[in-house]
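1. When you get a sec, could you give me coordinates for this:
(2 chains)
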Amino acid sequence: MAMTAVARETVFALRRQIAKIEGTLPERLQAPVAATPDAGVSPNTDLTIIRRGIAAALPDTFLPTGVERLDTALSGGLPKAALSEIHGTETRDAGAVAGFALSLASLILKQTQGLPVLWIGTSEIFREAGFPYARGLHASFGIEPEQLLFSEAPRLVDALWIAEEAAKMTALAAVILEIRGNPQRLDLTATRRLHARAQSAGRPVFLLRQAAGPEPTAAPVRLIVASAPAVPRHTIAGPLAGSIGRPAFTITIGKSRTALPGQFTLEWNPDERAFDERWGDERWGEERRGEERAKNPVPVVSLSGSGKDPAAASGAVLAFPAVGSLAAGDQPSPWERAAHLSPRRAG
Amino acid sequence: MISHRRGNAQRISALDERAEALHLKRDMGIADARAMHPTIDIVEADPQADRRLLEGLADWCDRYTPLVALDATDGLFLDVTGCTHLFGGERAMLDDILSRFFHQGFDVRAGLAATPGAAWAAARFSGDRIVAGGEEEALLAPLPLAALRIEPATRTSLESVGLRTAGAVMAAPRAPLARRFGASLLLRLDQALGRLDEAVSPRLPVAPLSVERHLSEPVTLTEDIERLVGMLAAALKTDLERRGEGARTLALLLFRVDGAVSRIAIGTSRPMREPQLIQKLFHERLAALEQDIDAGYGFDLVRLSVLTAAAFDMQQADLAGEVTDDGADIALFADRIRARLGEGAVLQPVTVESHLPERAVATIPFTAAPRRTTPPKKPDRLQAPMTIFPPERPIRLFRSPEPIEVPATEMPEGPPLNFRWRRALYRVMRAEGPERIAAEWWREAASDEAASTRDYYRIEDADGRRYWLYRQGLYGGTQVPPRWFMHGVFA
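-> The predicted model follows:
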């Protein structure tokens, strides 16, 4: 009996090792599916493995985003000791892509206090998409300026070298590497090198790829991030019309070993430093339709400096005057008739 | 033959033996020389190149002593006090210097004496002579006045009164000499005779610590150099420990067989004395400089010097033997990046009190950043209250705001309806603002107050991307129409 227990333990240890190498525990393992997907961390098993849905993993392997659907789809969250790719389809999505990566970094910093985050980028991407702005990062993600390190490399080779050196370090909370486009040098081998280092150090490496198409990668997870329209700000008197509220992202799972592709709309709450999910655009649209016509018409635009007439609230301006004549008769009025139909004047 | 311009005429400034054989002399006019010998070859003098060559030689002479000074345009002082025994005595050292210079193709005169003045005179007037202490007078006595390093005007006036050798000046009574020819003559005389000290001011600051290794077989491979650095650093460690210091700046000097000297310096963000770490840093630096260092026939002398040192705080290990030093890993990482990619490779943001967004954050090199010793203080209740709604700030800021085209705004001072940025048209769905940020008059006098005022808007476009735009200038207030810029991106 004892022998079988020891053997079982050995087998599980080996499986765990395999799982670590592969980055995930697939359903291949004949682990008994004991818990329901949302059973959470229930340490009632005698093994150190906690089963969570179809995947079995060590408790601290995943970084849960806090959004249940996404976490379930990714079988527990983003892997903590791995390379994760975060893509943006265009360079102008850089704000959303960086924002999503920083919100993940902010979630990590909530757990590991005091360690800095290193953000590596090529000169090209910092020129094209803007340099990270510490004040904004502090306001939106609660990351102190002392917790930030930036590294600007003139060439891609140097950026990759810095990233590989940084991925080995346990003294960094997370490493963000930002690359633009699909350079040849950032191939499967390069991502594998980064992934292996991240795995051994146990720290996440986020590879932000702006304006890049999907390519073979060693990263277990690839997310495609785009920005989503923000909901209006909430005030005591209801949503404030025409205002821009919390940042929102549309996340598409591009690659994941455990999940089917899916799309999610997340909203970042800077005060709580947590994600909220937004259920589809319909509900929001309804809300918007119902409430955007403001009960509380605060002029969001300042009064004009010198004029005596106060400015109207934005949103009330219409492109054309309401055409009442259309309802009166089917025939459009002469001035509405298309130009080519009007009688040509002999000249 | 080399010419230079003095006064209004081209004159000969230097010439070789064959030209001397033609009875040409220094300071002769070029026109005269050409008239005598039309076939002579004349090259324009290049004082900068001469200077560079002399400095290169001074670098090379570092192998004998760290105290090397330039003397005018054609001489070097080497303070070899306490160094001669390393080369087998004075005679052996002088021979070594002369033979090495000869093999490099230089014609060198050298003199060795207890005082700089006597050595100078020995080198220029008696050739390869070693003057023992106390023999200065005997050396100088038969030499002409030029050997005393005095002004030409003083020399001519001395000669006009019949004092033609240094010995005659020495024999003359001092008081009338001082009265008539000034104090500098006696100063030079006393310095040459060792009655007064003369300091040779070295060209480079002398490193407080340095170790070196002479190699009988020159090395060329970078790996060998790195290994040597490790060995030298291990030798430095004991000295640094004795002083309780760690190195902040280190320099590696590689003396090539043919006389070229490579100087490689690295900086550390914390005082450092571990040989492995020093070797690691030089590994990165050498990897970055691989193309620039030409090993040629190899390096026969490698020296590692500590240029600046700082007090080294010992870290006490805890019971488990672990040294809990949180920032050391990152400091070493930053040093390695810096060694390879230069000073600004790792940056840290620092907030600055300013209203202008681009000025409110400064990014400084990691090494220059203030080290945080205590955790950040929580804001006190007594502090000035923050605004209830802190102003929204973008997460990325363009280094220089990019101009955008705004065809129409909703109202003259309102946000744009649409805009064109980087050749793409964006439709503004929602806008927040303006937030007015005026120029900081207490820093710099604005040329036009109204023209430099900015109104910032937060914009969301049709796809949900959020931008930070501003309009520079006010309508109606100035001659220049307001312009629009893209300054940042929100999450």
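
2. how is chain A carved up into domains?
-> A:9-57, A:62-290 (automatic domain parsing).

3. so which of those is the most packed in?
-> domain A:62-290 (a mean of 20; mean count of other Cβ atoms under 10 Å in any protein chain shown). For glycine as for every other residue, the C-beta is placed from the backbone atoms N, C-alpha and C.

4. Of the domains of chain A, which is nearest chain B?
-> With respect to chain B, and counting by Cβ to the nearest Cβ, the nearest of the domains of chain A is domain A:62-290 at 2.6 Å.

5. mean confidence score for the closest one?
-> Domain A:62-290 comes out with an average pLDDT of 87.

6. next one: stretch B:297-306
-> Computed over stretch B:297-306, the average pLDDT equals 90.

7. quick one: buried residues of it?
-> Using 16 or more other Cβ atoms under 10 Å in any protein chain shown as the test for burial, stretch B:297-306 gives B:298, B:299, B:300, B:301, B:302, B:303, B:304, B:305, B:306.

8. Got the phi and psi for residue A:87?
-> Torsion angles at residue A:87 (phi, psi; degrees, to the nearest 10) stand at phi -100, psi 150.

9. So in terms of bridging, what pairs with it?
-> Residue A:87 forms beta bridges with residue A:209, residue A:224, as assigned by DSSP bridges.

10. was I right about it contacting residue A:211?
-> No: between residue A:87 and residue A:211 there is no contact under Cβ atoms under 8 Å: 9.0 Å.

11. Contacts only, for the residue of chain B found nearest chain A.
-> Nearest to chain A, among the residues of chain B, is residue B:491, at 2.6 Å (Cβ to the nearest Cβ). By Cβ atoms under 8 Å, 6 or more residues apart in numbering or on different chains, the contact list for residue B:491 reads A:95-96, A:98-100, A:102-103, A:140, A:227, A:247, A:249, A:268, B:395, B:466.

12. Export those residues as a markdown table, with columns for secondary structure and distance to residue A:255.
-> Converted to a markdown table, the contacts of residue B:491 look like this (DSSP: H, G, I helix; E, B strand; the rest coil; distance: Cβ to Cβ, whole Å):
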| residue | secondary structure | distance to residue A:255 |
| --- | --- | --- |
| A:95 | helix | 23 |
| A:96 | helix | 19 |
| A:98 | helix | 20 |
| A:99 | helix | 21 |
| A:100 | helix | 16 |
| A:102 | helix | 22 |
| A:103 | helix | 20 |
| A:140 | helix | 27 |
| A:227 | strand | 21 |
| A:247 | coil | 24 |
| A:249 | strand | 18 |
| A:268 | strand | 23 |
| B:395 | coil | 26 |
| B:466 | strand | 27 |
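
13. so residue B:406 touches residue B:486, yeah?
-> No: the criterion here is Cβ under 8 Å, and residue B:406 misses it with residue B:486 at 10.5 Å.

14. which stretches of the chain form helices?
-> In the absence of a named chain, chain A is used. Assigned by DSSP state H, chain A shows helices spanning A:2-22, A:68-73, A:94-111, A:123-129, A:134-141, A:156-167, A:188-201, A:280-291, A:325-328.

15. Actually, chain B is the one I wanted.
-> Counting by DSSP H, the helices of chain B are B:17-21, B:30-36, B:47-61, B:89-104, B:116-121, B:136-140, B:152-160, B:166-171, B:174-181, B:183-193, B:222-243, B:275-288, B:328-341, B:357-360.

16. quick check, nearest of the contacts of residue B:491 to residue B:439?
-> residue B:395 (24.6 Å; Cβ to Cβ).

17. ok, back up a step: using TSV, please lay out the buried residues of stretch B:297-306 together with distance to chain A.
-> Formatted as TSV, those follow (distance: Cβ to the nearest Cβ, whole Å):
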residue	distance to chain A
B:298	29
B:299	27
B:300	32
B:301	32
B:302	27
B:303	29
B:304	24
B:305	27
B:306	26
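
18. where does the stretch 101-250 of chain B have low pLDDT?
-> For the stretch 101-250 of chain B, no stretch has pLDDT under 70.

19. near chain A, which residues of it show up?
-> Within the stretch 101-250 of chain B, not a single residue sits near chain A (Cβ under 8 Å from any Cβ of the partner chain).

20. ok, now which ones touch residue 71?
-> Answering for chain A, as no chain was given. A:62, A:64, A:65, A:77.

21. Hmm, no, I was thinking of chain B.
-> By Cβ under 8 Å, 6+ apart, the contact list for residue B:71 reads B:77, B:120.

22. Which stretches in the stretch 201-347 of chain A count as strands?
-> Along the stretch 201-347 of chain A, the stretches classed as strands by DSSP state E, counting those that start in this stretch are A:205-210, A:221-228, A:234-235, A:238-239, A:248-256, A:263-269, A:274-278.

23. Reformat those strands as CSV; add distance to residue B:427.
-> Putting the strands of the stretch 201-347 of chain A into CSV (distance: least, Cβ to Cβ, whole Å) gives the following:
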stretch, distance to residue B:427
strand A:205-210, 22
strand A:221-228, 15
strand A:234-235, 25
strand A:238-239, 22
strand A:248-256, 18
strand A:263-269, 21
strand A:274-278, 22
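
24. mind checking which of these is nearest residue B:134?
-> strand A:205-210 (73.3 Å).

25. what's the angle from the closest one to strand A:221-228?
-> 50 degrees (axes from the mean of the first three to the mean of the last three Cα atoms, to 10 degrees).

26. Extract the C-alpha trace of strand A:205-210 and format it as CSV.
-> Output in CSV follows, covering the C-alpha atoms of strand A:205-210 (Å, rounded to 0.1, in the frame of the first residue of the first chain):
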residue,chain,number,x,y,z
VAL,A,205,7.0,38.5,-19.2
PHE,A,206,4.5,40.4,-21.3
LEU,A,207,5.4,40.8,-24.9
LEU,A,208,3.5,43.7,-26.3
ARG,A,209,3.4,43.5,-30.1
GLN,A,210,2.0,46.6,-31.7
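
27. which stretches of the stretch 251-400 of chain B aren't confidently modelled?
-> Scanning the stretch 251-400 of chain B for pLDDT under 70 picks out the ranges B:315-318, B:320-326, B:370-389.

28. Return the residues of it in contact with chain A.
-> Within the stretch 251-400 of chain B, the residues that sit near chain A (Cβ under 8 Å from any Cβ) are B:326-327, B:329-330, B:333-334, B:336-337, B:340-341, B:344-351, B:357, B:360-361, B:363, B:366, B:372, B:375-376, B:390, B:392-399.

29. Turn the buried ones among these into a named ChimeraX selection, would you?
-> The buried residues among these can be selected in ChimeraX (16+ other Cβ under 10 Å) with this line:
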select /B:327,330,333,334,336,337,340,341,345,346,347,348,349,357,360,361,363,366,392,393,394,395,396,397,398
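
30. from memory residue A:139 sits against residue B:392, does it?
-> Yes: taking Cβ under 8 Å as the definition, residue A:139 is a contact partner of residue B:392 at 7.0 Å.

31. okay, the helices of chain B, which one's buried deepest?
-> Taking mean count of other Cβ under 10 Å, helix B:116-121 is the most buried of the helices of chain B, at a mean of 23.

32. That one packs against which elements?
-> Counting contacts by 3 or more Cβ pairs under 8 Å, 6 or more residues apart in numbering or on different chains; DSSP states H and E, helix B:116-121 packs against strand B:75-78, strand B:111-112, helix B:136-140, helix B:183-193.

33. Which residues does the second one contact?
-> By that I understand strand B:111-112. So strand B:111-112 is contacted by B:80, B:90, B:93-94, B:118-124, B:126-131 (Cβ under 8 Å, 6+ apart).

34. With just CA atoms, put stretch B:479-486 into PDB.
-> Provided in PDB are the C-alpha atoms of stretch B:479-486 (Å, rounded to 0.1, in the frame of the first residue of the first chain):
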ATOM      1  CA  GLN B 479      -2.100  87.100 -34.500                       C
ATOM      2  CA  VAL B 480      -1.300  83.400 -34.900                       C
ATOM      3  CA  PRO B 481      -4.300  81.200 -35.300                       C
ATOM      4  CA  PRO B 482      -4.500  78.400 -32.700                       C
ATOM      5  CA  ARG B 483      -3.000  75.100 -33.600                       C
ATOM      6  CA  TRP B 484      -3.900  71.600 -32.500                       C
ATOM      7  CA  PHE B 485      -1.600  68.900 -31.300                       C
ATOM      8  CA  MET B 486      -1.800  65.300 -30.200                       C
END
